[in-house]
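**Q** After the sequence you'll find the predicted model.
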Amino acid sequence: NAGVTQTPKFRVLKTGQSMTLLCAQDMNHEYMYWYRQDPGMGLRLIHYSVGEGTTAKGEVPDGYNVSRLKKQNFLLGLESAAPSQTSVYFCASSTADTQYFGPGTRLTVL
Amino acid sequence: GQSLEQPSEVTAVEGAIVQINCTYQTSGFYGLSWYQQHDGGAPTFLSYNALDGLEETGRFSSFLSRSDSYGYLLLQELQMKDSASYFCAVRSPDRGSTLGRLYFGRGTQLTVWP
């Protein structure tokens, strides 16, 4: 039981490049989330999904897109990366009371 | 809007007791959670309080007062490995989700000295 996994663990992009972050969970959770964490800040919700084929905007959705084609996977896309998107990205899936986080992806945009 | 306040830093020595407070202002409230995050690691769930009172789990306890919009995390018999950031998070209604969603505080950095 791997829990929540994320790929890649690290990535460096140039401004304007695109990329996709992959999140996978094997706990059969309906709910999945993408957060970003910046120094001195808590976790801020980017997008979330309440089930396969559904997505919704969170607190800071601009510049990101998501897809949930399969229940176990939640993809976060950056179409045209900007330096302001340099951050650590965490994926999570949840039961009613508990969110389970992946190990994170450290993204640097130059 | 939502706002959560918690101290940015707390220090204590091994074996001591420390309390990390969290006050919140939210439109709608389901419960208060606490998460622990070690440097470079992922947040991990510690506790969830939906009702007033104290919940105890081993060395950690969490308290909630809904009328005061206040909660705290109590860590007893501190160990070096407890050095980490601790985040309070409020679960509030969200029209897109029957579970609501979490709003996180900025975190409290706990340093435990030998």
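**A** Received, thanks.

**Q** can you count the residues close to residue A:5?
**A** Residues lying near residue A:5 (other CB atoms under 10 Å in any protein chain shown) number 14. For every residue, glycine as well, the C-beta is placed using N, CA and C.

**Q** partners of it in the sheet?
**A** residue A:24 (DSSP bridges).

**Q** residue contacts, it?
**A** Contact analysis of residue A:5 by CB atoms under 8 Å, 6 or more residues apart in numbering or on different chains lists A:23, A:24, A:25, A:102, A:103.

**Q** Out of these, flag the one nearest to chain B.
**A** residue A:103 (5.3 Å; CB to the nearest CB).

**Q** The closest one: neighbour count?
**A** For residue A:103, the neighbour count with other CB under 10 Å is 17.

**Q** and what of residue A:98?
**A** Using other CB under 10 Å, residue A:98 has 16 neighbouring residues.

**Q** Also residue A:17?
**A** 14.

**Q** how near is it to chain B?
**A** 25 Å (CB to the nearest CB, to the nearest Å).

**Q** And that residue, what's its pLDDT?
**A** pLDDT, residue A:17: 97.

**Q** Please name the residues that touch it.
**A** Here residue A:17 is in contact with A:80, A:81 (CB under 8 Å, 6+ apart).

**Q** mind checking how far it is from residue B:78?
**A** Relative to residue B:78, residue A:17 is positioned 45 Å away (CB to CB, to the nearest Å).

**Q** could you dump the contacts of residue A:5 to JSON lines with distance to residue B:34 and pLDDT?
**A** As requested, the contacts of residue A:5 are exported to JSON lines (distance: CB to CB, whole Å; pLDDT from 0 to 100):
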{"residue": "A:23", "distance to residue B:34": "23", "pLDDT": "98"}
{"residue": "A:24", "distance to residue B:34": "26", "pLDDT": "98"}
{"residue": "A:25", "distance to residue B:34": "22", "pLDDT": "97"}
{"residue": "A:102", "distance to residue B:34": "19", "pLDDT": "97"}
{"residue": "A:103", "distance to residue B:34": "20", "pLDDT": "97"}
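
**Q** Make TSV from the residues you listed and add distance to residue A:34 to it.
**A** Formatted as TSV, these follow (distance: CB to CB, whole Å):
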residue	distance to residue A:34
A:23	7
A:24	13
A:25	12
A:102	10
A:103	14
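
**Q** Report the buried members of those.
**A** Among these, those buried by neighbour count (16 or more other CB atoms under 10 Å in any protein chain shown) are A:23, A:24, A:25, A:102, A:103.

**Q** Pull the number of nearby residues for the closest residue to chain A within chain B.
**A** Closest to chain A within chain B is residue B:104: 3.4 Å, counting by CB to the nearest CB. Residues within reach of residue B:104, counting by other CB under 10 Å, total 23.

**Q** wait, isn't it in contact with residue A:33?
**A** No. The criterion here is CB atoms under 8 Å, and residue B:104 misses it with residue A:33 at 11.3 Å.

**Q** returning to that earlier point: so what sits opposite the residue of chain B closest to chain A in the bridge?
**A** Beta-bridge partners for residue B:104, by DSSP bridges, are residue B:89.

**Q** quick one: contacts for it?
**A** Here residue B:104 is in contact with A:42, A:43, A:44, B:4, B:35, B:87, B:88, B:89 (CB under 8 Å, 6+ apart).

**Q** let's see it at 7 Å
**A** Residues near residue B:104 by CB atoms under 7 Å, 6 or more residues apart in numbering or on different chains: A:42, A:43, B:87, B:89.
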